[in-house]
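J.: Need a 3D model of the following:
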Amino acid sequence: MLLSYISNTRHVILSAASMRPSEFAAQLNVSLNNGWGIVRSITDICMKLPEGKYVLVKDPNKPVVRLYAVPLSTFTADEDEGEMMFGEEALGDATE
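T.: This is a model prediction of the structure:
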């Protein structure tokens with residue numbers, strides 16, 4: 001599993017770290033079964049949505065996960081790195 005750390009203001013990758021899922025779950029004090037249940041719940045929600053491109057974002061200050069619909073051209077190589085922005089259409093919130 002690869003974890004990346006992103007700058008909150010400049011939206012650039014600061015670093016990336018590789019971790020085993022079992023070690024990561026142990027650090028968070030979460031069982032692997034519970035973790036896969038969360039993945040399954042998010043997948044079920046996403047499968048009900050129309051085909052498109054989405055961004056899943058965890059609010060760092062709240063126990064909230066948001067799923068945003070973004071244009072298909074978002075995050076393509078044609079864009080300038082400094083101009084990447086998220087769409088404004090929120091699809092809903094889910095608490096952890």
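J.: contacts, neighbours, all on C-alpha from now
T.: Fine.
J.: Please give me every residue in contact with the residue nearest to the spatial centre of the chain.
T.: Residue closest to the average C-alpha location in the chain (CA atoms, centre = their mean): Leu56, at 3.6 Å. Contact analysis of Leu56 by CA atoms under 8 Å, 6 or more residues apart in numbering lists 65-68.
J.: List the contacts of the helix ranked longest in the chain.
T.: As assigned by DSSP state H, the longest helix anywhere in the chain is helix 32-47. If you take CA under 8 Å, 6+ apart as the criterion, helix 32-47 is touched by 21-22, 25.
J.: Keep only those of those residues that are in helices.
T.: Using DSSP H, those in helices are 21-22, 25.
J.: Quick one, which of these are buried?
T.: Ala25 (16 or more other CA atoms under 10 Å).
J.: ranges for the helices of the chain?
T.: 21-28, 32-47.
J.: Just give me the lowest mean pLDDT stretch among those.
T.: Sorting the helices of the chain by mean pLDDT places helix 21-28 lowest, at a mean of 82.
J.: just to revisit the earlier point, filter the contacts of Leu56 down to the buried ones, ChimeraX style.
T.: Typed into ChimeraX, the line below selects the buried ones among the contacts of Leu56, using 16+ other CA under 10 Å:
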select :65,67,68
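J.: how about the contacts of Leu56 in JSON lines, adding pLDDT and distance to Leu3?
T.: Below are the contacts of Leu56 laid out as JSON lines (pLDDT from 0 to 100; distance: CA to CA, whole Å):
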{"residue": "Val65", "pLDDT": "89", "distance to Leu3": "17"}
{"residue": "Arg66", "pLDDT": "91", "distance to Leu3": "19"}
{"residue": "Leu67", "pLDDT": "92", "distance to Leu3": "19"}
{"residue": "Tyr68", "pLDDT": "92", "distance to Leu3": "20"}
